[in-house]
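S.K.: Here is a sequence with its predicted model. Questions after.
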Amino acid sequence: MKKTLNYFVIFCMTGVASFLCGIPYGVYGDSCENQRTDGFVSLVCYSGTKLDALYNQGAMGDLSGFVNRFFFASISIGGMLAVIRLVWAGYEYMASDLWTDKEKAKQIIKDTMLGIVLLIAVWIILNQINPHILDLQTYLPART
């Protein structure tokens, strides 16, 4: 009975996986008034929404805008994760009764503070070298 149940579960999981892998083949792009000319067809027409301003910043395929947003997003996410880790280590420190657990929590707090200092140092160092290095404006010659 158990062997039959295992085969049934494997058969069902294989069927579900096959179905989910086949779904993207039936998806088509939406027709939109202001279609991009670089070959990208969106699944939903986003003109007039907040996504329109996000997707159409700068030139088509603008790498500098992507790198800028990625850099600031990664710094922000790193800071948020560091604060969450700091709160969790503080909770472990307060809730633990054993001295070794308190030392472990102290070490986590020290490591987290070092991480926060490194996150801030990356931005400060890049800003001191050249304030425009964080803007990453690329000027490429036009193709002929």
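M.R.: Cool, got the structure.
S.K.: quick check: domain ranges of this structure?
M.R.: Using automatic domain parsing, the domain parsing of the chain gives 2-55, 63-134.
S.K.: Least confident of those domains, on average?
M.R.: Here the lowest mean pLDDT among the domains of the chain goes to domain 2-55, at a mean of 65.
S.K.: Of all the helix elements in the chain, which one is longest?
M.R.: helix 63-95 (DSSP state H).
S.K.: what's that one packed up against?
M.R.: Contact partners of helix 63-95 among helices and strands, from 3 or more CB pairs under 8 Å, 6 or more residues apart in numbering; DSSP states H and E: helix 99-129. Every C-beta, even on glycine, is put in place using the N, C-alpha and C of the backbone.
S.K.: Show me what counts as buried in the helix it packs on.
M.R.: 105, 108-109, 112, 115-116, 119 (16 or more other CB atoms under 10 Å).
S.K.: how far off helix 63-95 does that helix point, in degrees?
M.R.: 160 degrees (axes from the mean of the first three to the mean of the last three CA atoms, to 10 degrees).
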